[in-house]
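Colleague: Predicted model, plus sequence, below.
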Amino acid sequence: HSSSTAVVAADGIVAGRARGGPDTVKVGLLRPRDDLGDTLLCVGCAPALGVLTSRAAARMHGQRVLWLERSSSVALGMLQKGQTHVAGAHLFDEDTGDFNVPHVRRLLPGRATMIFNLARWEAGLVVAAGNPRRIRRIEDLARPGVTIVDREPGAGSAKLLLRLLGKAGIPLASIARLGSVAAGHFDVARAIAMGVADAGVAIRGAALAYGLTFIPLAEERFDLVIGQELADDHRVVRLLDCLASRPFRRELECLGGYTTRESGSLIAKTA
């Protein structure tokens with residue numbers, strides 16, 4: 001269900017620091033250098049990216065399409081640094097009422113990008129099966145004895161929680177939180193299924209996967225951000241073909257909580 005639980009064969013092993021800055025290292029390759037150029041890297045927190053990259057890889061004979069599970073802000077930061085080909089995001093902008101596009105323009109100024117819709121999904125509170133704590137709205141998170149699973153500050157789910165708490169007039173400091181931070185939606189659901197927390201913000205699909213109860217709070221748009229320079233790249237073209245295909249949409253809808261009417265559509269271009 002989640003890339004955080006999967007082991008992926010490495011392309012190389014870090015062999016020490018190299019000149020060029022604190023983030024520059026020497027890498028001993030475990031794969032031929034020519035093969036690395038045939039890899040398409042997608043970064044984002046949507047579990048649907050795992051489905052998309054698997055289907056796209058099946059169409060690219062001998063080429064790889066990889067998904068790394070990271071928050072929306074981290075994904076866009078990696079795109080800005082040239083560390084990924086595709087960044088996924090579901091970041092709401094309160095000033096415009098739009099998702100992602102204002103954030104892309106702000107975080108990647110002057111960068112020509114294409115923004116395509118992956119899907120819309122239901123985001124909300126994931127709680128234990130049957131909801132034994134009777135958590136029904138965001139205000140219930142402030143009740144004594146209720147503990148939530150946290151996401152990192154740059155995650156879209158964390159921003160949604162802060163926005164809803166703000167509207168309810170509840171400071172985040174008044175909410176009991178786990179000391180650890182969940183890496184993704186399925187990690188939130190896993191913590192609740194294990195009984196180490198009472199609630200967390202995630203997508204409906206994560207709750208369904210673990211047999212948990214879901215309380216919807218918002219519909220969000222998850223988009224893929226790609227540099228305009230890759231518009232004619234055959235790997236990107238095949239990924240977008242797969243994104244707009246009926247089999248991918250049907251599979252996503254079967255997972256629960258996804259709406260695919262816009263999947264594959266161009267949302268905006270930035271420059």
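Modeller: Received, thanks.

Colleague: how much space between T96 and A155?
Modeller: T96 sits 20 Å away from A155, taking CB to CB, to the nearest Å as the criterion. The C-beta positions use only the backbone N, C-alpha and C, and glycine is treated the same way.

Colleague: neighbour-wise, which of the two wins?
Modeller: A155 (26 against 9; other CB atoms under 10 Å).

Colleague: I'd say that one and G44 touch.
Modeller: No: using CB atoms under 8 Å, A155 is not in contact with G44; the gap is 10.7 Å.

Colleague: what sits in contact with each of those two?
Modeller: Contact criterion CB atoms under 8 Å, 6 or more residues apart in numbering; residues shared by A155 and G44: S72.

Colleague: Go ahead and list the helix or strand containing P102.
Modeller: Here P102 sits within helix 101-107, counting by DSSP states H and E.

Colleague: Residues contacting that helix, please?
Modeller: 72, 76-77, 80, 89, 91, 93, 95-96, 113, 115, 223, 225, 267-268, 270.

Colleague: can you pull the pLDDT of the spatially most central residue of the chain?
Modeller: Nearest to the geometric centre of the chain sits C45, at 1.6 Å (CA atoms, centre = their mean). If you check C45, the pLDDT there is 93.

Colleague: Ok, the one 3 residues further on next?
Modeller: At A48, the predicted lDDT confidence score is 94.

Colleague: Could you find the closest non-adjacent residue to it?
Modeller: Spatially, and ignoring its direct neighbours in sequence, A48 is nearest to L252 (5.5 Å; CB to CB, 6 or more residues apart in numbering).

Colleague: Just say helix, strand or coil for that neighbour.
Modeller: helix (DSSP: H, G, I helix; E, B strand; the rest coil).

Colleague: same thing with V188?
Modeller: helix.

Colleague: residue contacts, it?
Modeller: So V188 contacts 126, 149, 151, 157, 182, 200-202, 206 (CB under 8 Å, 6+ apart).

Colleague: about what we covered before: give me the subset of the contacts of helix 101-107 lying in strands.
Modeller: Judged by DSSP state E, strands contain the following of the contacts of helix 101-107: 89, 93, 113, 115, 223, 225, 267-268, 270.

Colleague: quick one: which two of these are the most distant?
Modeller: Pairwise distances across these (CB to CB) peak at 15.7 Å, for the pair D93 and T113.

Colleague: Mind checking which of these two has more residues around it?
Modeller: T113 (21 against 14).

Colleague: what's the pLDDT at that one?
Modeller: 98.

Colleague: Check the one 4 residues further on too.
Modeller: With respect to pLDDT, N117 has a value of 98.

Colleague: Near it, how many other residues are there?
Modeller: 22.

Colleague: residues in contact with V51?
Modeller: 248, 251-252, 255.

Colleague: where exactly do the helices run in the stretch 151-271 of the chain?
Modeller: 156-168, 185-193, 204-209, 234-243, 246-255 (DSSP state H, counting those that start in this stretch).

Colleague: how about these in JSON lines, adding mean pLDDT and distance to R64?
Modeller: Output for those, formatted as JSON lines (pLDDT from 0 to 100; distance: least, CB to CB, whole Å):
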{"stretch": "helix 156-168", "mean pLDDT": "95", "distance to R64": "27"}
{"stretch": "helix 185-193", "mean pLDDT": "96", "distance to R64": "22"}
{"stretch": "helix 204-209", "mean pLDDT": "95", "distance to R64": "25"}
{"stretch": "helix 234-243", "mean pLDDT": "95", "distance to R64": "9"}
{"stretch": "helix 246-255", "mean pLDDT": "94", "distance to R64": "18"}
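
Colleague: To A57, which of the ones you listed lies closest?
Modeller: helix 234-243 (9.3 Å).

Colleague: For K167, see how far away T270 is.
Modeller: For T270, the distance to K167 - CB to CB - is 29 Å.

Colleague: the more surrounded of those two?
Modeller: Neighbour count, other CB under 10 Å: between T270 and K167, T270 has more, with 17 against 9.

Colleague: Isn't the more buried one up against R111?
Modeller: Yes: T270 is in contact with R111 according to CB under 8 Å; the separation is 6.9 Å.

Colleague: hmm, who's touching the helix-or-strand element of the chain with minimal mean pLDDT?
Modeller: When the helices and strands of the chain are scored by mean pLDDT, DSSP states H and E, helix 33-36 comes last with a mean of 71. The contact list for helix 33-36 (CB under 8 Å, 6+ apart) reads 11, 29.
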